[in-house]
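*Asks:* generate a structure from the sequence data that follows.
(2 chains)
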Amino acid sequence: DQQVKQNSPSLSVQEGRISILNCDYTNSMFDYFLWYKKYPAEGPTFLISISSIKDKNEDGRFTVFLNKSAKHLSLHIVPSQPGDSAVYFCAASVGNKLVFGAGTILRVKS
Amino acid sequence: NAGVTQTPKFQVLKTGQSMTLQCAQDMNHEYMSWYRQDPGMGLRLIHYSVGAGITDQGEVPNGYNVSRSTTEDFPLRLLSAAPSQTSVYFCASSYLPEYGYTFGSGTRLTVV
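*Replies:* Numbers count the residues shown, from 1 in each chain, chains lettered A, B, ... in the order given. This is a model prediction of the structure:
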C-alpha cells in the first residue's frame, strides 16, 4: 500500500525552463511534506519542506505547492539547470516516520 | 563536521551470515532512521529511533534488529542474511523530522 506516489518515473526539461515534479498521497494524517534530491552513489539531500497547514513554500529556485483537497503536491524548479539532473523523492511525515515515494528522474538538457 | 557516517560502504555476505551496519552522527540529533532503497521502490523505512533507548519498527522490519544505546550511534543488525536483503541501506538523522533528515552516503549490500 503506497501512501506516497510519484507517478512519473522520469522527466526531461530544457535548461532555463521550469521543471514540475508531482506527488500524490493517500494518508490525510501526514503533517509535513518534504522533497529530497539524490545523485548516484550519494545519500538523499533535503531540499524543501511544507507544513500541511500551508499551501506554498519557496526557497530560491525551488517552490513547493500543496493542494490538500486533492492530496497532491508539486515541486517547481525555475529556472532548471543541468546540475539539477538527479532523482527527486517526495516524502511525507506522520508521527515520527518519514514515508517516501518511488522517485522521479529529472534530466535537464543544456 | 562529519554529519552521518556509515560503514562499510560495500559488503558481500553469504546467505545465512549475520552482520552489523554501523551508523554514527555527530550533530546531537535525537531522531535516527534506517532505510533501504530498491529499484522502483523508493526508500522504505526499516527501523527508527526518537532517542537513546527508544526504537520502533518501520515498514519493512523483518530480518533486522536495531538498538540505540547512545545518541550518536544507531547500528542495524542483519540476523541471517537472505538474497532479498540485497539493497542499498541508508542511515539518517534529524533534529526534527519535519526539518529534514541528513542522510549518510549508504552501504551497498549484496547477499549471495
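
*Asks:* mind listing the strands the longest strand along chain A pairs with, and their directions?
*Replies:* Scanning chain A for the longest strand, with DSSP state E as the assignment, gives strand A:86-94. Applying DSSP bridges, strand A:86-94 is found paired with strand A:32-38 (antiparallel), strand A:97-100 (antiparallel), strand A:104-109 (antiparallel).

*Asks:* just put the ones you listed in CSV and tack on mean neighbour count.
*Replies:* Bear in mind the C-beta positions are built from the backbone N, C-alpha and C, glycine included. Converted to CSV, the strands paired with strand A:86-94 look like this (neighbours: other Cβ atoms under 10 Å in any protein chain shown):
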stretch, mean neighbour count
strand A:32-38, 23
strand A:97-100, 22
strand A:104-109, 17
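
*Asks:* weakest of the ones you listed in terms of mean pLDDT?
*Replies:* Mean pLDDT is lowest for strand A:97-100 out of the strands paired with strand A:86-94, coming in at a mean of 90.

*Asks:* next one: that one to chain centre, how far?
*Replies:* With Cα atoms, centre = their mean, to the nearest Å as the basis, strand A:97-100 stands 13 Å off its chain's centre.

*Asks:* contacts for it next, please.
*Replies:* Strand A:97-100 has contacts (Cβ atoms under 8 Å, 6 or more residues apart in numbering or on different chains) with A:3-4, A:27, A:30, A:34, A:36, A:89-93, B:33, B:35, B:42-45, B:48, B:58-59, B:97, B:101.
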